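**Student:** Provided below are the primary sequence and the corresponding predicted coordinates.
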Amino acid sequence: MKELSFEELFEFNCFSEDPAERAKAAELLEYRYGCEIHCADIAHSVRFAHHARGSTIIAAKICENVTIYQNVTIGSNMRYNKKQKQWEQIGSPILAKNVIVADGAKILGPITIGENSVVAAGAIITKDIPADSIAFGINQSKPKDPEYDLIFRSNMPSGEEIKAVDAKRVAEFDKLHK
């Protein structure tokens, strides 16, 4: 396989009809980006910020326009009930349309993250999250404030503008803490 971009490897890994091509793309994603992406059903419009570095994504379904940042884990949390001699919590998450999963979040088990929701950085979620919510901490959620978006937009500040603001903040901090 020629030198392929992350987006091309993602496309082959998730959508190729050729099992050998899928396997090779999965191997290269893990080698180059330290990520694993396996979904029973994933939309072509799913986007991975920072090339999904350090992420393990194993989901039942990821719907349209989902954005997933780095170091995210999406997968199962099955457990074996010794008394009843059976597995429980079988299944993987479903992420509805327009979900955003921030850095380091963990989404585990046969749960659904509702449409237009945001899973905050570092959150650990093992329960269903309603649509239009912010999931945070450990299984906490609250309605999103409709006045704010929590994702990048085309008119967001450039990297240089952010660096200039940070430089000013650092100078003010240093002045106060000498």
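**Tutor:** In hand now; what should we look at?
**Student:** switch to C-alpha atoms for all contacts and neighbour counts from now on
**Tutor:** OK.
**Student:** report the contact partners of the residue nearest to residue 130 when sequence neighbours are not counted.
**Tutor:** Ranked by CA to CA, 6 or more residues apart in numbering and with sequence neighbours excluded, the top spatial neighbour of residue 130 is residue 114, at 4.8 Å. With contacts defined as CA atoms under 8 Å, 6 or more residues apart in numbering, the neighbours of residue 114 are 95, 96, 97, 99, 128, 129, 130, 131, 132, 133.
**Student:** the fifth one is in contact with residue 112, isn't it?
**Tutor:** When you say that, I think you mean residue 128. Yes. Applying CA atoms under 8 Å, one finds residue 128 in contact with residue 112, separated by 4.9 Å.
**Student:** SS state for residue 14?
**Tutor:** For residue 14, the reduced secondary structure class is helix; criterion used: DSSP: H, G, I helix; E, B strand; the rest coil.
**Student:** could you check how far it is from residue 25?
**Tutor:** In this structure, residue 14 and residue 25 are 9 Å apart, going by CA to CA, to the nearest Å.
**Student:** same question, residue 81
**Tutor:** With distances taken as CA to CA, residue 81 is found 36 Å from residue 25.
**Student:** so between the two, which is more surrounded?
**Tutor:** Neighbours around residue 81 and residue 25, counted as other CA atoms under 10 Å, are more numerous at residue 25. The numbers are 23 against 10.
**Student:** buried stuff in the helix or strand hosting that one?
**Tutor:** Element membership of residue 25, judged by DSSP states H and E, is helix 19-33. Under the neighbour-count criterion of 16 or more other CA atoms under 10 Å, helix 19-33 has 21, 22, 25, 26, 27, 28, 29, 30, 33 buried.
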